[in-house]
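S.K.: Kindly generate the corresponding structure for this input.
(one chain, ligands or ions: 2)
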Amino acid sequence: MPNRRITIILNSNQTKRITVLVPVPTSGDTEYNVKEHILLQARNKFLNRYLSVVYLWGGEELKDGEVLSDKEEEVLVSKGEAYIGPPKKQKRSDGKVGEVRVLANTSFVHEEAVKQLEAVAELEGVYAAVGMPDLHKGDRFPIGCAIAAKGIYPALIGSDIGCGISLYPLGTKPAHLTPEKLALRLRRLDEPWEGDARAWLKLYGIEKETEWDMESLGTVGGGNHFAEIVTVERIVDAEACESMGVSENHLYLLAHTGSRGLGASILRDYTRSNGNPYLTSDNPEFNVYLEQHNHTVLWAKANRDLLAHRIKNCIFRQIQEQREDEDANELVETKEEAETSRDPREDLGKILDVTHNSVRQCGYEVDGNMVDVWLHRKGAAPTDQGFVPCPGSRGDFSWILQPMGDGQSNAHSLAHGAGRLHARNAPNLRRGKVDELTTTSLGSCVICTDPDLLVQERPEAYKSVQAVVDDMEEGGIAEGVVVLRPYVTYKTSQERGK
Ligand SMILES: Nc1nc2c(ncn2[C@@H]2O[C@H](COP(=O)(O)O)[C@@H](O)[C@H]2O)c(=O)[nH]1
Ligand SMILES: [Mn+2]
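M.R.: Ligands and ions are numbered 1, 2, ... in the order given. Below is the predicted model:
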């Protein structure tokens, strides 16, 4: 059998690559399996016996018995995780390219992120790809953008379907309650909730059971998810704050989490044989995906609320146990009031809850005509649901914004945060002592026992939230309402559950 040179790349860390000789089977060589040969070489060279999937560039899986076409010079190997790489370039049937806009003047946007956005605009059926000021590069597709398309691309929404941020009041801030004292009260939040997760989901009309309900509902999860107790730094719009019930000298909880392993399992199912499937409404899979997506968006909301419920319990139960603690008196009053209501969600007094990874149908003007589009938001907040949070980092301020304008320039969306400035593995995040990362320059306290996460998520990893907000205000798409200051940031201490 003749041989060909093929470069094998590790999907999860694409700096790791090897070039090997792969025999090219001819029509008579029915016994020879190219995929197995590649995996064998990869397992030996990368010292990883779990490698089991071979992807071609674009995300298509190489199956048992399939041969590599002449143009394939590189393949990616994975342990089963989703393909990470650019989508396959295909000519659009209409010969068009969607409009690309990036709403950033002051904010830094890396050219690689813009390239990713441009690649998205070339996908079949995409009308417009709009980058928010927090736009940054993702594994395959950019983060911090809204994409209007004729059909649905599950991979554009990503694996954390339903991820979002919600805000809850925690009562008056006792004068002597330091961040350190408050941090001590946040215990066992990574462990599965001891209550009835299925009953909690029923409160949201969720009857369908999943393997993530018991283990993961009510937990923060890894990465840049967080639960942050904040104070009010500055009120910009007093009337808007009054309408939300936000005032100075109070504590609030910002909860950022999503659908944990549930959303990832859905994306995995849809991308097994094609890295970037495109579902149009005539495809039977279209409604199946949408039904799973909608369930997951709701599950993620229930997750944020349960996390808030657990955090309130952590804070108030201990306060009840320490009634003599003078610091806590005012917070105790809030709890006693809350205990009288029956639906536990009423106790939360939720102020807002904004999903930033989802797809929804809406009207959008394309070439002067109003058309129904599927608006994909990958790290972008909708503008039609009231106030919108825009978090900075655990060492920066966070904003609550009021959406403005007609939504045409910004695809009815706003930035969902400051956005990453440096990749998680950037060497410049690794300087200094890890121990020093549990407090911030704003005097807040960080709970995170995972040293890698502490480094990857350090405040310097993020862009300036002020620049992001300035860009949105100058663009006439949002106005600042209130600035929040981090007090205690809870990150997961270990990644538990599925
Ligand atoms: N207030 C905090 N904001 C944070 C923290 N870690 C990240 N962030 C911001 O949240 C967004 C959300 O990003 P996503 O793409 O994961 O949804 C991110 O862009 C940051 O600006 C934190 O600990 N506290
Ligand atoms: Mn998120």
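
S.K.: List the contacts of stretch 235-250.
M.R.: Defining contact as Cβ atoms under 8 Å, 6 or more residues apart in numbering, one finds that stretch 235-250 is touched by 169-173, 231-232, 252, 349, 351-352, 387, 400, 402, 479-483. (C-beta placed from N, C-alpha, C; glycine too.)

S.K.: Pull up the distance across that stretch, start to finish.
M.R.: Distance between the boundary residues of stretch 235-250 (Cα to Cα, to the nearest Å) amounts to 12 Å.

S.K.: Could you give me the buried positions within that stretch?
M.R.: Neighbour-count burial for stretch 235-250, counted by 16 or more other Cβ atoms under 10 Å, picks out I235, D237, A240, C241, M244, V246, H250.

S.K.: So of those, which two are at opposite extremes in space?
M.R.: The largest separation in the buried residues of stretch 235-250, counting by Cβ to Cβ, is between D237 and H250 at 16.6 Å.

S.K.: how many neighbours does D190 have?
M.R.: Neighbours of D190 under the rule other Cβ atoms under 10 Å: 18.

S.K.: which residues of the stretch 201-350 of the chain fall in strands?
M.R.: Taking DSSP state E, counting those that start in this stretch, the strands of the stretch 201-350 of the chain run over residues 226-235, 250-257.

S.K.: mind checking which helix or strand the nearest residue to A104 once chain neighbours are set aside is in?
M.R.: Distances taken as Cβ to Cβ, 6 or more residues apart in numbering place P133 nearest to A104, at 4.2 Å, with adjacent residues excluded. Using DSSP states H and E, P133 sits within strand 126-136.

S.K.: what's downstream of that strand, the next helix or strand?
M.R.: With DSSP H and E, the next secondary element past strand 126-136 is strand 143-149.

S.K.: Can you report how many residues lie near the closest residue to T440 other than its chain neighbours?
M.R.: What sits nearest to T440 in space, not counting adjacent residues and going by Cβ to Cβ, 6+ apart, is G395, at 3.7 Å. A count of neighbours around G395, defined by other Cβ under 10 Å, yields 21.

S.K.: Phi first, then psi, for G395.
M.R.: phi -110, psi 20 (degrees, to the nearest 10).

S.K.: That one contacts R458, correct?
M.R.: Yes. Shown here, G395 and R458 form a contact pair, counting by Cβ atoms under 8 Å, at 7.4 Å.

S.K.: And the helices in this protein, which stretches?
M.R.: 34-46, 111-121, 154-157, 179-184, 197-202, 213-216, 238-244, 261-270, 284-321, 329-338, 344-348, 451-456, 465-474 (DSSP state H).

S.K.: quick one, which of those is packed in tightest?
M.R.: Among the helices of the chain, helix 154-157 has the highest mean neighbour count (mean count of other Cβ atoms under 10 Å), at a mean of 25.

S.K.: wait, does that one make contact with ligand 1?
M.R.: No. Helix 154-157 lies out of reach of ligand 1 by Cβ under 6 Å from any ligand atom, never closer than 12.2 Å.

S.K.: so where's the stretch 51-200 of the chain shaky on pLDDT?
M.R.: Regions of the stretch 51-200 of the chain meeting the criterion pLDDT under 70 are absent.

S.K.: how about the residues of it that lie near ligand 1?
M.R.: Contact residues (Cβ under 6 Å from any ligand atom) of the stretch 51-200 of the chain with ligand 1: D134, I143, C163.

S.K.: So the last one sits against L262, correct?
M.R.: Yep, that's C163 we're talking about. No. Using Cβ under 8 Å, C163 is not in contact with L262, being 11.2 Å away.

S.K.: most neighbours per residue, which of the strands of the stretch 201-350 of the chain?
M.R.: strand 250-257 (a mean of 23).

S.K.: okay, the angle between that strand and strand 226-235?
M.R.: 140 degrees (axes from the mean of the first three to the mean of the last three Cα atoms, to 10 degrees).

S.K.: List the contacts of the residue in the chain that ligand 1 sits nearest to.
M.R.: Proximity of the chain to ligand 1 (Cβ to the nearest ligand atom) peaks at G417, 2.6 Å away. Shown in contact with G417 (Cβ under 8 Å, 6+ apart): D134, G144, G379, C390, P391, G392, Y462, V465, V468.

S.K.: Give the rounded mean pLDDT of stretch 467-476.
M.R.: Stretch 467-476 comes out with an average pLDDT of 98.

S.K.: So it, near ligand 1 or not?
M.R.: No. Counting by Cβ under 6 Å from any ligand atom, ligand 1 is not contacted by stretch 467-476; separation bottoms out at 8.1 Å.

S.K.: and for that stretch, what are the contacting residues?
M.R.: Here stretch 467-476 makes contact (Cβ under 8 Å, 6+ apart) with 103-108, 132-134, 390, 399, 401, 404-405, 409-410, 414-415, 417-419, 478-480.

S.K.: Of those, just the buried ones, PyMOL syntax please.
M.R.: Entered in PyMOL, the line below selects the buried ones among these, by 16+ other Cβ under 10 Å:
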select buried, resi 103+104+107+132+133+134+390+399+401+404+410+414+415+417+418+419+478+480
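
S.K.: Where strands are concerned, which of the contacts of stretch 467-476 count?
M.R.: Among the contacts of stretch 467-476, the ones falling in strands (DSSP state E) are M132, P133, D134, C390, W399, L401, L414, A415, A478, E479, G480.

S.K.: Format those residues as TSV; extra columns: distance to Y289.
M.R.: Converted to TSV, these look like this (distance: Cβ to Cβ, whole Å):
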residue	distance to Y289
M132	25
P133	30
D134	26
C390	29
W399	33
L401	30
L414	25
A415	26
A478	31
E479	36
G480	36
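
S.K.: Among these, list the two that are farthest apart in space.
M.R.: Taking Cβ to Cβ as the measure, the ones in strands among the contacts of stretch 467-476 span a maximum distance of 17.2 Å, between D134 and E479.
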